[in-house]
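Participant: quick one, structure for this:
(chains A and B)
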Number of protein chains: 2
Amino acid sequence: MPSFTKLVPEGDNRPRDVCDTCGYVAYDNPKIVVGAVIAVGDSVLLCRRAIEPRLGFWTVPAGYLEHGETVAEGAAREAFEEAGATIRVDGILALYSISRIGQVQVMFRAGFDGPVKFEPGIESLDVRLFSWDEIPWDELAFPSVRWALDAWRHAGDGPLGPPAGNPASDERGTSRMMTEVTV
Amino acid sequence: MPSFTKLVPEGDNRPRDVCDTCGYVAYDNPKIVVGAVIAVGDSVLLCRRAIEPRLGFWTVPAGYLEHGETVAEGAAREAFEEAGATIRVDGILALYSISRIGQVQVMFRAGFDGPVKFEPGIESLDVRLFSWDEIPWDELAFPSVRWALDAWRHAGDGPLGPPAGNPASDERGTSRMMTEVTV
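Facilitator: Residues are numbered from 1 along each chain as shown, chains lettered A, B, ... in the order given. This is a model prediction of the structure:
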């Protein structure tokens, strides 16, 4: 098993995890999650998660940005991997800081690029289009899924303005998942 | 010295660096750089870098987001660390993908929060306010510094709209630093 000690590397100003065996500095900075609210008219595409965390709950297609990608390319890749959807991103709908878990989430507004075609990828149990009133609000995977859906609803079809940020109720992204919060 | 082999970890779909000694998976995802164009009237605050890369060249205060921070908090910390400036961020000016080096840069528009006071931090040789015509264009550290300054100029003092993205000349953030490009 790897074993790390917190040390301040030379030229740095805060402790990092340094491997006891080999001296590797595991710089652990926040990561970028890219996702998209993919709409067809008044309906949005949601995936039911086949993996933890939050297996069985619904989310917009989203995941970690990989090296070599732009944020828009990453969002399109995630939509294809999780929902078999080929999308065209339209603009940035929201940018969220989830400081509790070291994430910055960039959420796009998107539509299908070509025919409306989707199917569950390996990380999804199901993929469906939901009209606003059908969205399973009590079964959303993460608070930011709700935030992004709200931002999409608020933006409407017109030109996008400044990206939405965290809601006033959770400005720093420290709340846990909704079902835990509301217990 | 640490030694890594590229392997696809279980449940993943692409090779990651796995330590030959201890099995540690060094997930190396893109990182988030947060920065700010800090303005006083028509002038902007630039720092002359005391560290590599691009030692001696000018930049807006910016650096890697750390765990536990929101993007706005990170930008304010960097302004204080690099320029001794206490700032108030105003909104997101731009979001850049620098896919060549695995960065997403979130650039804010900001002003001083209180008195206009600044001094070089440990990573800066000098900090100065430059009017637009005085900006040392040929001595800027990175292409995205120029992009952010252009975005600030374009935005003016009014309400911010959608964030600027990469310029059409470098949509994926693959260009090297300007002095290299223009040689």
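
Participant: what is the burial count for residue A:15?
Facilitator: 11 (other CB atoms under 10 Å in any protein chain shown). For the C-beta atoms, the positions are set from N, CA and C on the backbone; glycine is no exception.

Participant: what's near enough to touch residue A:24?
Facilitator: A:18, B:2, B:19, B:24, B:26 (CB atoms under 8 Å, 6 or more residues apart in numbering or on different chains).

Participant: residues touching the closest residue to residue A:16 other than its chain neighbours, list them.
Facilitator: Excluding the flanking residues, the one nearest residue A:16 by CB to CB, 6 or more residues apart in numbering or on different chains is residue A:25, at 5.3 Å. Taking CB under 8 Å, 6+ apart, we find residue A:25 in contact with A:9, A:16-19.

Participant: need the distance between the two termini of stretch A:126-142.
Facilitator: Using CA to CA, to the nearest Å, the end-to-end distance of stretch A:126-142 comes to 17 Å.

Participant: mind showing which ranges of chain A have poor pLDDT?
Facilitator: For chain A, the stretches with pLDDT under 70 are A:1, A:178-183.

Participant: now the helices for it?
Facilitator: For chain A, applying DSSP state H gives helices covering A:71-83, A:143-155, A:178-181.

Participant: buried among the contacts of residue A:25? Make that a PyMOL selection.
Facilitator: Restricted to buried positions by 16 or more other CB atoms under 10 Å in any protein chain shown, the PyMOL selection for the contacts of residue A:25 reads:
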select buried, chain A and resi 16+17+18+19
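
Participant: pick out the residue nearest the middle of chain A.
Facilitator: residue A:62 (4.2 Å; CA atoms, centre = their mean).

Participant: number of nearby residues for the residue lying closest to that residue once chain neighbours are set aside?
Facilitator: Using CB to CB, 6+ apart and skipping residues adjacent in sequence, the residue nearest residue A:62 is residue A:35, 2.6 Å away. Neighbourhood size, residue A:35 [other CB under 10 Å]: 27.

Participant: quick check: residue A:35 vs chain B, distance?
Facilitator: 14 Å (CB to the nearest CB, to the nearest Å).

Participant: sorry, back to before: just name the closest of the contacts of residue A:25 to chain B, please.
Facilitator: residue A:19 (6.9 Å; CB to the nearest CB).

Participant: returning to what we had before: narrow the contacts of residue A:25 to those in strands?
Facilitator: Among those, DSSP state E puts A:16-19 in strands.

Participant: which other helices and strands contact the lengthiest strand in chain A?
Facilitator: Ranked by residue count, the top strand of chain A under DSSP E comes out as strand A:87-98. Contact analysis of strand A:87-98 by 3 or more CB pairs under 8 Å, 6 or more residues apart in numbering or on different chains; DSSP states H and E lists strand A:31-40, helix A:71-83, strand A:103-112, helix A:143-155, helix B:71-83, strand B:87-98 as its packing neighbours.

Participant: only alpha carbons, please: show that strand as CSV.
Facilitator: What follows is strand A:87-98 as a C-alpha-only set of coordinates in CSV (Å, rounded to 0.1, in the frame of the first residue of the first chain):
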residue,chain,number,x,y,z
ILE,A,87,-24.2,16.9,-29.0
ARG,A,88,-23.5,20.4,-30.1
VAL,A,89,-22.7,22.7,-27.2
ASP,A,90,-24.3,26.1,-27.3
GLY,A,91,-22.6,28.0,-24.5
ILE,A,92,-21.7,27.9,-20.9
LEU,A,93,-24.8,27.7,-18.7
ALA,A,94,-23.1,27.6,-15.3
LEU,A,95,-19.8,27.4,-13.4
TYR,A,96,-20.0,25.8,-10.0
SER,A,97,-17.4,25.5,-7.2
ILE,A,98,-17.9,22.4,-5.2
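
Participant: would you mark the buried spots in that strand?
Facilitator: A:87, A:89-98.

Participant: show me which pair in those residues is furthest apart.
Facilitator: A:87 and A:97 (24.4 Å; CB to CB).
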